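J.: fold the following for me, if possible:
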Amino acid sequence: MGEALPEKFDTSDYFTSGGTADRLQAVFAARSNKNDSELLAAAIPADGWLADWMAYARPFSESPDAFNLMGGLIALAATIGRRACIDHGDEWLHPNLFVCIVAEQARLRKSTSLGTVRRLLSSAFPAGEDEQGIIQPDDFSDEGLADALQENPCGLFVWSEFGLVLGTTQKSYSATSRQFLADLFDCPDHRSRRLRRETVRLEFPGPSIITASTFSWLAERVREADVLGGFLSRFLYVVGGEKSKVLPFRPRADRDLRDNLQWRLQELRRGLEGGHCLGIDGIRDVYADFYDRYEGNQAPDIDERLAGFYSRLCVYALKLTMLYQLSADPDSRELTLPAWEQAKALVELLRRGMCRIIGELSDSDEWAKAQRVSRLVTRAGPEGILRRDLHQRSHLTAKELDEVLRTLTEAELIAEDPANPKRFKSITGAVC
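T.: Here you go, the predicted model:
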């Protein structure tokens, strides 16, 4: 096992050269000792609206449970908008979310997850002459974005492919529009945007976004400016590697349960009219410990490309706690420990996904080799995989493979089987 890292280790080396155990370990610093499956199980409630949402979506969905869970959370976030908050200094913190579902392969049905959320919200809150609805129109022009936000400043954007939004084609938002959306993440009371023919002024915006992509699309479309400019760092990245099940014919959805979910969203929205401020005394101490881990004396020094993501983990932990709390009890006036524990488990899972995304966008050849081997070990499951099979499937030289295995082992991502030192198993269940 490699030597433990000091508390204040500078991870910028990871991006400049890559490939050593210290750099990989730094990216996964402060991780939970639970694997991804255990964290996901801890993040799925046993009762409340989210539990019933999972019971509704799971039977006809091949998507990973993490995709379905985030779909339920974004549905709650869009329904609530700015109607709930907690005190946050001289401003209010609202539970709007920016979420990107990232699949290793297109077959994970990421668009199906988005479609289920879109249909539920469109049916629960249909747009009409007297109603705005919740779902924003699909218009990727700067003017279309401004018009949509003026008409419905707290609506939900559903983008089927994040790579198109990040591109430079006529169907993509400009860099200025992307930065404008980034500014709206914090729900300012007012925000203005100057277009060619007019100045658009928004009153009390609080939009949510859910989108999807694959690693390859993101790698092709993402530019350094999107990372450093803050747009990408507003997003939670939900990474999925395998289908939850294979369904040649999807079973009929439970219409009664769907109608009940829609009715409860409508009741939740009506009940929060006029504003709903949640107290934090019930989680004050545990949140203070969590905050110290990411923002205080225990926080590691982070490369600037990761700093924006890490700096919002604590904010997202509070946003998610609000959503879990209102899912369990729409009449809540206080954040509770059960809601916090669910949010904390999900944040840790999403932090790992964030590190994977940054890794995918890294151009380090050493990282690519480590990721290739890590993926092979993880996919081998609990029984692990022999070194000779890794050598054959990774297409690395014996020297390259030995260096990668040493790196991943010292980083505590994989381990040798004590009964057979030539067999390797995943420790976390995650791909680096």
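J.: the strands in the stretch 1-150 of the chain, which residues?
T.: For the stretch 1-150 of the chain, applying DSSP state E, counting those that start in this stretch gives strands covering 84-88, 91-93, 98-103.
J.: next helix or strand past the lengthiest helix in the chain?
T.: For the chain, the longest helix by residue count, based on DSSP state H, is helix 337-361. For helix 337-361, the following helix or strand on the C-terminal side (DSSP states H and E) is helix 365-379.
J.: relative to helix 337-361, how tilted is that following helix?
T.: In terms of direction (axes from the mean of the first three to the mean of the last three C-alpha atoms, to 10 degrees), helix 365-379 departs from helix 337-361 by 130 degrees.
J.: just to revisit the earlier point, for the longest helix of the chain, the distance to its chain's centre please.
T.: 7 Å (C-alpha atoms, centre = their mean, to the nearest Å).
J.: let the chain start at 182 from now.
T.: Renumbered: residue one is now 182, and that last one reads helix 518-542.
J.: how much does it deviate in direction from strand 279-284?
T.: Here helix 518-542 points in a direction 60 degrees away from that of strand 279-284 (the same axes, to 10 degrees).
J.: before we move on, back to that, just the strands of the stretch 182-331 of the chain: most buried one?
T.: Mean neighbour count, computed with mean count of other C-beta atoms under 10 Å, is highest for strand 279-284 among these, reaching a mean of 25. From N, CA and C alone the C-beta is placed, and that goes for glycine too.
J.: strand partners of it, parallel vs antiparallel please.
T.: Here strand 279-284 has these sheet partners by DSSP bridges: strand 389-395 (parallel), strand 417-421 (parallel).
J.: out of those strands, which gets nearest to residue 432?
T.: strand 417-421 (21.1 Å; C-beta to C-beta).
J.: what does the closest one contact?
T.: 244-245, 247-248, 251, 278-285, 289, 291, 497, 531, 533-535, 537-538 (C-beta atoms under 8 Å, 6 or more residues apart in numbering).
J.: which residues touch residue 522?
T.: Neighbouring residues of residue 522 by C-beta under 8 Å, 6+ apart: residue 223.
J.: let's see that with 10 Å instead.
T.: By C-beta atoms under 10 Å, 6 or more residues apart in numbering, residue 522 lies in contact with 223, 224, 464, 467, 502, 505.
J.: and those residues, which are buried?
T.: For those, a burial check counting by 16 or more other C-beta atoms under 10 Å picks out 223, 224, 464, 502, 505.
J.: what is the neighbour count of the residue lying closest to the third one once chain neighbours are set aside?
T.: The shortest distance from residue 464 to any residue other than its chain neighbours is 4.4 Å, reached at residue 521 (C-beta to C-beta, 6 or more residues apart in numbering). Residues near residue 521, counting by other C-beta atoms under 10 Å, number 22.
J.: for residue 305, grab the count of nearby residues.
T.: Counted with other C-beta under 10 Å, residues neighbouring residue 305 total 21.
J.: got any ranges where the stretch 432-581 of the chain has weak pLDDT?
T.: Scanning the stretch 432-581 of the chain for pLDDT under 70 picks out the ranges 477-488, 539-549.
J.: again, but for the stretch 182-331 of the chain
T.: Along the stretch 182-331 of the chain, segments meeting pLDDT under 70 span 182-214, 286-291, 309-312, 321.
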